[in-house]
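1. output the structure for:
(one chain, ligands or ions: 2)
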Amino acid sequence: MHDQAEALRLKMMGNQKQAARSIAIVSGKGGVGKSNFTANFAYGLVAKGKKVLIVDMDIGMGNIHILFGATPNYHLKDYLTNSKDLWEVVTPIEDHLAFIAGGSGLETVLEWSDTMFARLIDGFSILQRSYDVILFDMGAGATKSSIDLIVAMDEIILIATPEPTSITDAYSMMKFICLRDANKTFHIVGNRVLKEQEGKDSLARLQLAMRKFLSVETSVLGLLPDDVHVRNAVIAQTPFIRMYPNAQVSKRMLSITDTFLYGEKPGTAIENSGFIDKIKGIFQKGRV
Ligand SMILES: Nc1ncnc2c1ncn2[C@@H]1O[C@H](COP(=O)(O)OP(=O)(O)OP(=O)(O)O)[C@@H](O)[C@H]1O
Ligand SMILES: [Mg+2]
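-> Ligands and ions are numbered 1, 2, ... in the order given. You can find the predicted model right below:
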């Protein structure tokens, strides 16, 4: 295994081009809107001139392709198990936007092996050179392999709804991650917010808990309202930001995109990235 990792390290050294920002989209509780956020945030980034790849990490139960109304021929597992080459599992949506499907209705959930993890690193080291941002839509909850992957990312976007159960589960998820590695950029997005002030207060409580008990600073990228356009867009299998550009939820998504790209001051883009180094570190330690 050491030889493989060393070979990969040498391969990576030949690549000094600016790497993509790698972002894990996570939540504590399931069903809070990660996949819808990922799909629409991706469009927002593309609208700002970025080249974006989405990776559906909900392997076996992926649904990001449904949100795009796309029918992928292959999915991540086909690449990981050596059945397909990397570019065969990348499904283009339009210029500057593509995704790797997680595969749905798979009979067996993927059992990670060292070989698959090595192949994942290999693939992402190539993809990092082709995109500006790679968004990993994670499945709900914390499995060992999902935490290993999340820990390897540069940045985390935590999606939480304002309900107390979502907030406490979100905190637990952050605790899992921070116990492994607290040294990353944490962003929070409030979703399905009915009352603005209630949403702000919930996220402020979450931020405070993370600061006090995990010693981690977070930034709130913004709040997305509970909006019927989201459901209608899911049914139409078209991202809401495209289908209803004037809806409140779409305008908010664009402002979240701006905050993500430029922070508080437009014009100063946030750079990155140590994703591949970190994921290699995990691989070398023989995790997963
Ligand atoms: N802002 C919103 N307004 C109204 N409905 C929403 C909003 N966000 C999400 N939803 C609804 O919640 C459903 C679940 O969203 P989504 O599939 O994105 O959640 P998820 O976190 O990815 O779920 P899972 O944990 O199962 O992967 C959507 O189909 C949509 O109907
Ligand atoms: Mg999802």
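2. remind me, longest helix of the protein?
-> Longest among the helix segments of the chain by residue count, using DSSP state H, is helix 196-214.
3. strands of the stretch 51-200 of the chain, start to end?
-> For the stretch 51-200 of the chain, the strands defined by DSSP state E, counting those that start in this stretch cover 52-56, 90-94, 97-100, 133-137, 155-160, 185-193.
4. among those strands, which is nearest ligand 2?
-> The minimum distance between ligand 2 and the strands of the stretch 51-200 of the chain falls on strand 133-137, with 5.9 Å, by Cβ to the ion. Using the backbone N, CA and C atoms, a C-beta is placed for each residue, glycine as well.
5. ok, residues contacting the closest one?
-> 20-25, 34-35, 38, 41-42, 45, 50-58, 62, 64, 102, 124, 127-128, 149-150, 153 (Cβ atoms under 8 Å, 6 or more residues apart in numbering).
6. neighbouring contacts of stretch 138-146?
-> Contacts for stretch 138-146 (Cβ under 8 Å, 6+ apart): 24-31, 34, 57-59, 61, 112, 149-150, 172-173, 176, 288.
7. show the average pLDDT along it.
-> Averaging pLDDT along stretch 138-146 gives 79.
8. over to stretch 63-72?
-> 94.
9. need the residues that contact that stretch.
-> Identification of contacts with stretch 63-72 by Cβ under 8 Å, 6+ apart yields 35-36, 38-39, 54, 56, 58, 89, 91, 93, 99, 101-102, 104, 137, 234, 236-239.
10. out of these, which end up buried?
-> Neighbour-count burial (16 or more other Cβ atoms under 10 Å) applied to the contacts of stretch 63-72 gives 35-36, 38-39, 54, 56, 58, 89, 91, 93, 99, 101-102, 104, 137, 234, 238-239.
11. the residues you listed also near ligand 2: which ones?
-> Among the buried ones among the contacts of stretch 63-72, proximity to ligand 2 is found for Ser35 (Cβ under 5 Å from the ion).
12. which of the strands of the stretch 51-200 of the chain sits closest to ligand 1?
-> strand 185-193 (4.7 Å; Cβ to the nearest ligand atom).
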